[in-house]
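Chemist: using only what follows, build the 3D model:
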Amino acid sequence: MRKVLLTVLGLMYVLGLSAQWDPNSQENLRVTVDGILSFEAQMNKDGVAFVAFWDLLAEDPEKQGDRYSDNVDVAYFMQILDKEGRKVIADEETLISHEPSRSFTMGYDRAVFTDSDGNALYIVKDERNWNDRSYPNQSYFVYKVSPAGEFLWEEPLDLDKGYAYYTVANIKVIELIDGSYIFAHDIYLNKNRSYIAVERVSKEGKFLWNEPLLLTDNAISYSYPYVADAGYGNFIVAYAKGESMYAQKFAFDKEKLWAGEVPIYRGGFTLQVWLAFDIIPDQNGGIFASWYDDRYNDKYEEAYVSHILSDGTQGFVTSGNEEGLRLTWSEYMRGFRPSLCYDPDEEILYAAWEEDNSNQSYRSIVLQKISKDGQLCWANQEGEEGNTNGLVLDNGNVGYYSIQLAGDGKIAVFHQHAYDTNSSVENIVTLFDVSGEQPQSLNRIVFSERGTLKSGLVSMPLFDNEYFLTFWSDYRTSSLSDGGAVFAHKIPLADLDVTAIRFPETGTNSRFEIISGGANGKVNFVLDNSTTGNATLDIYSVSGQKVTRIQSKLHAGENSIPWNVQHLSAGVYIVQLTTQNSVQTKRFIIK
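Modeler: Alright, predicted model coming up:
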């Protein structure tokens, strides 16, 4: 039997009453009402977006709005957007759960996950397994929801099987090839003692192991688990053991596949691990791990990345006994929060991280391309605070960055830039051609109005080679203390990648090249033509605006048509050549 949310719309949407994606980059879609403290968003295989968010609903009116009171209750909500941006849930949101909880522990302990069937798992933690609110213990519960808003399990899954603990935290979930789920989370016996519990659950919500897989030691705490699908029903768990990070690989039946724990980094972190560490699968049975640390105790953190191969060996060669491939090499800059994106077809890893100087008066986002064997591909660039190892995306009060593959040798990089002491924030996406030795910026779009405070920008992978979805917290109609609303925007790849516009092409010439004229400020369009005739060259900017038209007489054989570019700004341009025999297009860059 399926329980259906009462506020879900029927099968026929009331199109005229439902908001949709707006092609105007300054018009964003409001997903929730104001007052939201935090959110997560995921997109399924069909382009449906599940948005999970939470707010406080205190029983005691005197505690309403006090985020740090032990007894304030947290309410968990959900909204679903179909592929066209229409809200599947008729009201502003649907309440998933409102059980006694502790608000100050909620921020990183809920999750939404989409599976291969297009459904979502919505994970909450609360005290429903514990009756004494004077000393509240906690457990995790999982709801499975369809794109239509149906609860697919008769009851939520009690992940801790009726038990409640001092606290539970840092929940992670993946799906294996058979459709079963792997859950991993911390269980704290007290504030100084924890271990990790791993469960395998069927898609019907049934436990598949008699006992959980436990990572525990009587002498040291295990915490902060991260899980990755390793293919063939296997999975990898990376975790903190004391102040170091390790990984283990397991089969679907809990069998250990590596001889022992594989070290990732043995040392301490400046901040909590969940702020400094992350992993992604390499889609070949291994993982990439990223983090930052101050291993030399000089108060200059550095960003690192490591590749653990399917057999548990290191994939990147590093100097000496260095653990991790160092990304930041700036003498006076600190490196933080590396974010990764992997292209399995080209076997290339992309990284973005934040660099600050010692007093945080200068901040930048830096990008790097990393080869299969761990070579840093992009040369140093000279920045305001000295050389930086990689490409500087932006500098100033910048943050909340992510990288997505954009196809055809391109990547899209998303970030937020704050102006006017943070009261005015822009959402920005930049498209790069990364197929050559050095990256080339192709286009940059601001997809929000500037005059409002924003935070928490997240991006979804490119869907169906058509568009990106983005979500963030926005305070355009509320204050930071009251909590903002979740907003979203759809960015069509065709709007971002103007160079991908397909002009009609017919026939071929034996040669059509664009050759720089060097210091004389000209380019030469060189082509071979079989007979005499005419040629038309239409030049477009990267935004699609026609710059000029050049017409020239052709003779049989090689022809060279010069064009003065001194009056043009640096950037990407498109030229369309039309002759009596063919229509061709090429892209070129003016530096």
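
Chemist: who's in contact with the residue of the chain most remote from its centre?
Modeler: Distance from the centre of the chain peaks at T532, with 53.8 Å (CA atoms, centre = their mean). By CB atoms under 8 Å, 6 or more residues apart in numbering, the contact set of T532 is 553-556. Glycine gets a C-beta too; all of them are placed from N, C-alpha and C.

Chemist: which stretch of helix or strand covers A494?
Modeler: Assigned by DSSP states H and E, A494 belongs to helix 493-496.

Chemist: now that helix: buried residues?
Modeler: Burial within helix 493-496, assessed by neighbour count using 16 or more other CB atoms under 10 Å, is assigned to 493, 495-496.

Chemist: in the stretch 51-200 of the chain, where is pLDDT below threshold?
Modeler: Filtered on pLDDT under 70, the stretch 51-200 of the chain yields the residue ranges 57-73, 91-93, 102-110, 133-134.

Chemist: quick one: the strands in it?
Modeler: 74-81, 94-99, 111-114, 120-126, 139-145, 150-151, 157-158, 167-175, 181-190, 193-201 (DSSP state E, counting those that start in this stretch).

Chemist: would you list the contacts of T532 in CSV and tack on pLDDT?
Modeler: Formatted as CSV, the contacts of T532 follow (pLDDT from 0 to 100):
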residue, pLDDT
K553, 92
L554, 92
H555, 91
A556, 90
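
Chemist: from the residues you listed, which is closest to E323?
Modeler: L554 (62.1 Å; CB to CB).

Chemist: write down the beta-bridge partners of the closest one, one by one.
Modeler: G533 (DSSP bridges).

Chemist: just Q440 next, same as before
Modeler: Beta-bridge partners, per DSSP bridges, of Q440: D433.

Chemist: low-confidence ranges in the stretch 451-591 of the chain?
Modeler: Applying pLDDT under 70 to the stretch 451-591 of the chain flags residues 498-510, 517-519, 542-544.

Chemist: local confidence estimate at Q381?
Modeler: For Q381, the pLDDT comes out at 57.

Chemist: ok, so what distance separates the residue farthest from the centre of the chain from Q551?
Modeler: Applying CB to CB, to the nearest Å, the value for T532 to Q551 is 15 Å.

Chemist: ditto for D278
Modeler: In terms of CB to CB, D278 sits 55 Å off from Q551.

Chemist: the two: which is more packed in?
Modeler: D278 (17 against 11; other CB atoms under 10 Å).

Chemist: who touches that one in this structure?
Modeler: 226, 289-291, 338-340.

Chemist: mind checking which helix or strand it is in?
Modeler: Since the elements are taken from DSSP H and E, D278 ends up inside strand 277-281.

Chemist: how about CSV for the buried residues of helix 493-496, with distance to S516 added?
Modeler: Conversion of these to CSV gives the following (distance: CB to CB, whole Å):
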residue, distance to S516
L493, 29
D495, 29
L496, 27
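
Chemist: between those, which is nearest G179?
Modeler: Using CB to CB, these come closest to G179 at L493, 30.3 Å.

Chemist: wait, the closest one sits on A406?
Modeler: Yes: using CB atoms under 8 Å, L493 is in contact with A406, at 6.6 Å.

Chemist: okay, and the common contacts of those two?
Modeler: L462.

Chemist: where do the helices sit along this structure?
Modeler: Secondary structure of the chain by DSSP state H: the helices cover 273-276, 493-496.

Chemist: picking that back up, quick one, which of the contacts of D278 are buried?
Modeler: 226, 289-291, 338-340.

Chemist: what's the local residue count around N192?
Modeler: By other CB under 10 Å, the burial measure for N192, its neighbour count, is 7.

Chemist: tell me the spacing between it and Y76.
Modeler: 29 Å.

Chemist: equivalent analysis for H417, please.
Modeler: Taking CB to CB, one finds H417 at 31 Å from Y76.

Chemist: thought Q248 was touching N234?
Modeler: No: judged on CB under 8 Å, Q248 makes no contact with N234 at a distance of 11.0 Å.

Chemist: and stretch 512-531, how far out from the chain's middle?
Modeler: Averaged C-alpha coordinates place stretch 512-531 at 41 Å from its chain's average position (CA atoms, centre = their mean, to the nearest Å).

Chemist: who's in contact with it?
Modeler: 509-511, 535, 537, 550, 554-566, 575, 577, 579-581, 584, 586, 588, 590.

Chemist: please pick the buried ones from those residues.
Modeler: Here, 16+ other CB under 10 Å leaves 509, 535, 537, 554, 559, 561, 563, 565, 575, 577, 579, 584, 588 buried among these.

Chemist: the last one: what's it in contact with?
Modeler: Each residue near F588 by CB under 8 Å, 6+ apart is listed here: 514, 523, 572-573, 575.

Chemist: before I go, just wanted to say thanks for your time.
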